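Undergrad: Next input, structure requested:
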Amino acid sequence: MSAIARVMLEMGYTVTGSDVAAQELTEKLIAKGAKVYIGHTAEQVKGADLVVYSTALASDNVEWVEAERLNIPVLHRSQMLARLLNERKGVAVAGAHGKTTTSSMIALIMEDCGVDPTYIIGGEIMNVGTNAKAGQGEYVVAEADESDGSFLQYHPWLAIVTNIEADHLENYGGDFGKLKAAYVQFMNQLREDGTAIVCADDETASSLLSEVKGSIITYGIDSPDADYTATDIVLGDRQVSYTMNHQGRVLGKIELSIPGKYNLYNSMAAVIACLKSGVAFDAIAAAIVKFHGAKRRFQVLGEVNDILVIDDYAHHPTEIQATISAAKATGKKIIAVFQPQRYTRTFFLLDAFSRAFSEADEVIITDIYSPAGEKQIEGVTSAKLVELIVQNSNSSARHLPTKEAVLADLQGRIAPGDLVLTMGAGDIWKVGYKLAEDLREHGNKE
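TA: The predicted structure is shown next:
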């Protein structure tokens, strides 16, 4: 929502909006000229030509009801984004994991290489300190969200699918088949001159390619028949390097300033998208090494006295495994702190979550972070998850219910050589920020 608001401001529109609380992004919008209200009242929509809402908003919200009473058009966030993306050459990044990082990489490369894209991204690009910009070029780069089916609003020029997993099934009747069918529809909604860019190493994504009617480009590490492949791979401490190949021909070396095999995959998709956009490989390689990640994507919050604090949005078992694996490359002792998000996700993926922590040295699980209005599911608790983690992947797992309890525990015992890794889609990042702040102010408390 904030990204769309920023782009509309930069395009010259008057933008007002409301949120439940002030935050850094709302302050940035105010600085750009938006009028931001804290709290929702009917008065706040009067005079608007268009009202845009997010999935988090209930249909009985007073502003939504008032807009309809006044016959003001009301659009979902995805419908507004579709208006922007479908009018130009849209580069839409879909997938269970990697959407924010891949779209951020594409935006940064295009920006650095003078393409001047419009971009609308779910997380801030660390290098530029924003998640959106209204560019003058022909490309619009955005995440395509499968969680609520809203990516079916888009008719992109490039449709990128990083991977497909059984998540958000509560929005697909608990049926993974319906989610896969939605991905096929997304890839079949390309413009006539469009291309689907798909990870060949992802078994589910690959299995759907026979149902895609248009042009397809594949990429992978373990799939020798993929159009683009990676060789000479080095996964280091907060860095990656590899050789990019196209149909057996060496294109050159790619170096990343972020860690993990999963980011290697993200970067391959980004490189291909930028090559399709006419950017030379050497220019792409020179730009992508400058990418230092998106906010809450393996974000280094502090490094003091050989203690490293990192925060990540990882909220799915696959993401947790990949993030812990990337952290292991530092050689430090990994203290993984995870805050489950949503009872429904925890219910559907309970077994997978229980097997995701094997590479961590210690595991701390907080209470489930649940959005307002979500009903608790009987038997789905963090205590139960800890019990299963101890059985299935890590005997050191403990349950500390609150952020305050986690912070107090860590402050009292972390030592040089430790890496504290906070993970989750809720507000667990606050623990990492506070811990890093205390380390900077006071050093290690032994």
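
Undergrad: which stretches of the stretch 51-200 of the chain have low pLDDT?
TA: Scanning the stretch 51-200 of the chain for pLDDT under 70 picks out 126-129.

Undergrad: do that again at 80, thanks
TA: Under the criterion pLDDT under 80, the flagged ranges of the stretch 51-200 of the chain are 56, 122-130, 147-149, 166-174.

Undergrad: for it, what spans make up the strands?
TA: 51-53, 74-76, 89-94, 118-125, 130-133, 139-143, 158-161, 195-199 (DSSP state E, counting those that start in this stretch).

Undergrad: For the fifth one, what is the distance to the chain centroid?
TA: Average the C-alpha atoms of strand 130-133, do the same for its chain, and the two points are 14 Å apart (C-alpha atoms, centre = their mean, to the nearest Å).

Undergrad: Identify the residues contacting it?
TA: 2-4, 6-7, 10, 25, 28, 107, 111, 117-125 (C-beta atoms under 8 Å, 6 or more residues apart in numbering). Where you see a C-beta, it was placed from the backbone N, CA and C, and this is true even at glycine.

Undergrad: Show me which of those residues are buried.
TA: 2-4, 6-7, 10, 25, 28, 107, 111, 117-125 (16 or more other C-beta atoms under 10 Å).

Undergrad: ok, Gly252 - how many residues close by?
TA: 12 (other C-beta atoms under 10 Å).

Undergrad: isn't it right next to Asp282, touching?
TA: Yes: counting by C-beta atoms under 8 Å, Gly252 touches Asp282, with 6.7 Å between them.

Undergrad: Can you report how many residues neighbour Leu419?
TA: Neighbour tally, Leu419, other C-beta under 10 Å: 23.

Undergrad: Please report phi then psi for it.
TA: Dihedral angles phi and psi of Leu419 (degrees, to the nearest 10) take the values phi -120, psi 120.

Undergrad: do the same with Leu308
TA: According to degrees, to the nearest 10, Leu308 has phi -110, psi 130.

Undergrad: who are the neighbours in contact with it?
TA: Contacts of Leu308 by C-beta under 8 Å, 6+ apart are Val300, Gly302, Thr330, Lys332, Asp418, Leu419, Val420.

Undergrad: What sits closest to the residue nearest to the spatial centre of the chain if chain neighbours are left out?
TA: Centroid-nearest residue in the chain, with C-alpha atoms, centre = their mean: Thr100, separated by 3.8 Å. Leaving out its chain neighbours, the residue that sits closest to Thr100 by C-beta to C-beta, 6 or more residues apart in numbering is Gly123, at 4.4 Å.

Undergrad: that older thread, narrow the contacts of Leu308 to those that are buried.
TA: Buried among the contacts of Leu308 (16+ other C-beta under 10 Å): Val300, Gly302, Thr330, Lys332, Asp418, Leu419, Val420.

Undergrad: Now flag whichever of those residues is closest to Ile324.
TA: If you rank the buried ones among the contacts of Leu308 by distance to Ile324 using C-beta to C-beta, Leu419 comes first, at 9.9 Å.

Undergrad: hang on, isn't that closest one packed against Ile310?
TA: Yes: Leu419 lies in contact with Ile310 (C-beta under 8 Å); the separation is 6.6 Å.

Undergrad: Where do the domain boundaries of the protein fall?
TA: Domains of the chain are assigned by the TED database as 1-72, 80-289, 299-444.

Undergrad: So for Tyr219, what's the nearest residue that isn't a sequence neighbour?
TA: Tyr228 (4.1 Å).

Undergrad: go on, Gly426?
TA: Tyr369 (3.0 Å).

Undergrad: Just list the residues touching the one you found, thanks.
TA: Gln339, Pro340, Gln341, Arg342, Gly424, Ala425, Gly426, Asp427, Ile428.

Undergrad: if we go to 10 Å?
TA: Listed by C-beta atoms under 10 Å, 6 or more residues apart in numbering, the contact partners of Tyr369 are His315, Gln339, Pro340, Gln341, Arg342, Ser382, Lys403, Gly424, Ala425, Gly426, Asp427, Ile428.

Undergrad: try Val289
TA: Val289 touches Gln239, Ser241, Lys253, Ile254, Glu255, Leu256, Ser257, Ile258, counting by C-beta under 10 Å, 6+ apart.

Undergrad: swap the cut-off to 6 Å and go again
TA: Glu255, Ser257 (C-beta atoms under 6 Å, 6 or more residues apart in numbering).

Undergrad: Please tell me how far it sits from Ser78.
TA: 33 Å (C-beta to C-beta, to the nearest Å).

Undergrad: Phi first, then psi, for the nearest residue to His246 once chain neighbours are set aside.
TA: Nearest residue to His246, sequence neighbours excluded (C-beta to C-beta, 6+ apart): Tyr228, at 5.5 Å. With angles defined as degrees, to the nearest 10, Tyr228 sits at phi -120, psi 130.

Undergrad: wait, what's in contact with Tyr228?
TA: Applying C-beta under 6 Å, 6+ apart, the residues near Tyr228 are Tyr219, His246, Ile272.

Undergrad: With that, I have no additional questions.
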